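S.K.: Turn this into a model:
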Amino acid sequence: MSSKTKLYGWMNVSISKSVRTRDGLEYPFRFDQPFIANVVLNYRVKDWFEVGAKWEFASNFPFTPPLGIVPRVAYDSLVKNPFTNTLFFNLDYGPDANRYTGRKPDYHKLDIRMTAYTRFWNADWSFYIDVMNVYNRKNVLTYQYTITSDLKIKRTETGMIPILPTIGISAKF
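M.R.: Have a look, this model is predicted:
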């Protein structure tokens, strides 16, 4: 970086489509993300101090939603709890046409970093404070489905990294 350049960064946008075909049926690939964008900006406040930000946005991955529940069957027989004599149930994900028809909510987050630079012990040092997901957005990583005692489907979300501050040191010898 030139010492005269105080503000620098980059941005990218990706637009894509990833599909699979099986038995004449086309469906999204498991890791299909049709849209991804990143913006990175850094500002050199002083020769020894820099502030940076990175914002990410992406359409999230597809998933297969359950359509209902069905009794569990093993060896052509209904499976029952031996203690209560009640049926066990499984989630019904439906036919192949239901594969990856759902999509998790869009993903976005903002990360910021402050870095101080110095040189000693014949090495270039940087000391930084980094905060990931500054506005603490709960981006959905996955869904877990369970069947409740009243035979309803319950969906629980697992989120990605919440707000996460870190401090770090880097040295180049």
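
S.K.: In contact with residue 118, which residues?
M.R.: Listed by Cβ atoms under 8 Å, 6 or more residues apart in numbering, the contact set of residue 118 reads 48, 125-127. C-beta coordinates here come from the backbone N, C-alpha and C atoms, glycine included.

S.K.: Then residue 17?
M.R.: 32, 34.

S.K.: for residue 117, same thing?
M.R.: Applying Cβ under 8 Å, 6+ apart to residue 117 gives the contacts 47-50, 124-126.

S.K.: among the residues you listed, who's most crowded?
M.R.: Using other Cβ atoms under 10 Å as the neighbour test, the contacts of residue 117 are led by residue 50, with 20 neighbours.

S.K.: ok, what's across the strand from it?
M.R.: Beta bridges link residue 50 to residue 44, residue 115, judged by DSSP bridges.

S.K.: just residue 165 next, same as before
M.R.: Bridge pairing for residue 165 (DSSP bridges) gives the partners residue 131.

S.K.: looking at it, it is touching residue 134, isn't it?
M.R.: No. The criterion here is Cβ atoms under 8 Å, and residue 165 misses it with residue 134 at 9.4 Å.

S.K.: out of the two, which sits in the more crowded spot?
M.R.: Shown here are residue 165 and residue 134; by other Cβ under 10 Å, residue 134 has more neighbours (15 against 11).

S.K.: who's in contact with the closest residue to that one other than its chain neighbours?
M.R.: Nearest non-adjacent residue to residue 134, counting by Cβ to Cβ, 6 or more residues apart in numbering: residue 110, 4.7 Å away. Counting by Cβ under 8 Å, 6+ apart, residue 110 touches 53-56, 133-135.

S.K.: Please pick the buried ones from these.
M.R.: 53-56, 133 (16 or more other Cβ atoms under 10 Å).

S.K.: Which ones among those map onto strands?
M.R.: 53-56 (DSSP state E).

S.K.: ok, so of these, who is nearest residue 15?
M.R.: Nearest to residue 15 out of those is residue 56 (Cβ to Cβ; 15.4 Å).

S.K.: residues touching the residue nearest the centre of the chain, list them.
M.R.: Centrality entry for the chain: nearest residue to the mean C-alpha point is residue 141, 4.7 Å, by Cα atoms, centre = their mean. Contact partners of residue 141, counting by Cβ under 8 Å, 6+ apart, are 158-160.

S.K.: switch to 10 Å and redo it
M.R.: Neighbouring residues of residue 141 by Cβ atoms under 10 Å, 6 or more residues apart in numbering: 60-61, 104, 107, 157-161.

S.K.: Just the buried ones from those residues?
M.R.: Here, 16+ other Cβ under 10 Å leaves 60-61, 104, 107 buried among those.
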